[in-house]
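S.K.: after the sequence you'll find the predicted model.
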Amino acid sequence: MNIQNLTQEEIKNLHTLLGKMLEEPKKNSIDSIDRMVDEILEEFNFNKVRKAMWHLDWKWALAADGIPTIEELKETAERLLRQAAECRLLKEYGSVDWGTPILSSTGGFEATAWCDETKTRITGLQLQFVLTEYETGLES
C-alpha cells in the first residue's frame, strides 16, 4: 500500500486504527470469566461425581448426609473456579510464568486457570474431579 495515494479521510482512519492497536490491554473481563464458569457448570457431569462419591463412600464434612448434593457440588465448583481465576491474576503471582496455571482444589475438585501473556485476562478454566493421582521425579 502506498500511503501517498490515500485521501485525508483514509489517512485519518489509518491513524485511528493504528492508535487502537497501541492502546493498553484492557483489564480482566469479568463477563468472559462468567461465561466460562457458566459453561463449565452447565456441561460438567456433577451426577457422575455424586454417584462416584456414593459408591466410594466419599464424604464431605459439611454436607448434611456426608455426600454433597448436586447444588453443593456446583457451589463448590464455582467457588474454586473463581478462586483459581482470581489468584492467577494476583500481583503476588507476578513471578509465576504466564503459561503456568494456578490450581484451587478441595474435596476431589481441581479448578485450574490460565492467563494471557500480559497476566491481565483469564484465557482458560478447567474443572476436574480427581479420584487418584500419583507423581514422582528425580531429586535435584
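M.R.: Thanks, I have it. From a predicted model like this one, the values you see are computed outputs, not experimental measurements.
S.K.: rest of the way, CA atoms for contacts and neighbours
M.R.: Will do.
S.K.: and the longest helix anywhere in the chain, what does it pack onto?
M.R.: For the chain, the longest helix by residue count, based on DSSP state H, is helix 70-88. If contacts are counted by 3 or more C-alpha pairs under 8 Å, 6 or more residues apart in numbering; DSSP states H and E, helix 70-88 sits against helix 30-43, helix 46-56, strand 102-106, strand 109-115, strand 122-129.
S.K.: which of the ones you listed is buried the deepest?
M.R.: Mean neighbour count (mean count of other C-alpha atoms under 10 Å) peaks for strand 109-115 among these, with a mean of 22.
S.K.: tell me the mean pLDDT over that one?
M.R.: Throughout strand 109-115, pLDDT has a mean value of 95.
S.K.: turn the helices and strands packed on helix 70-88 into a markdown table, including distance to Thr136.
M.R.: Formatted as a markdown table, the helices and strands packed on helix 70-88 follow (distance: least, C-alpha to C-alpha, whole Å):
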| stretch | distance to Thr136 |
| --- | --- |
| helix 30-43 | 30 |
| helix 46-56 | 26 |
| strand 102-106 | 19 |
| strand 109-115 | 19 |
| strand 122-129 | 21 |
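S.K.: quick one: low-confidence parts of the chain?
M.R.: Counting by pLDDT under 70, the ranges of the chain that qualify are 1-6, 10-31, 91-95.
S.K.: enumerate the beta-bridge partners assigned to the nearest residue to Ala85 once chain neighbours are set aside.
M.R.: What sits nearest to Ala85 in space, not counting adjacent residues and going by C-alpha to C-alpha, 6 or more residues apart in numbering, is Ala113, at 5.2 Å. Counting by DSSP bridges, Ala113 is bridged to Ile102, Leu125.
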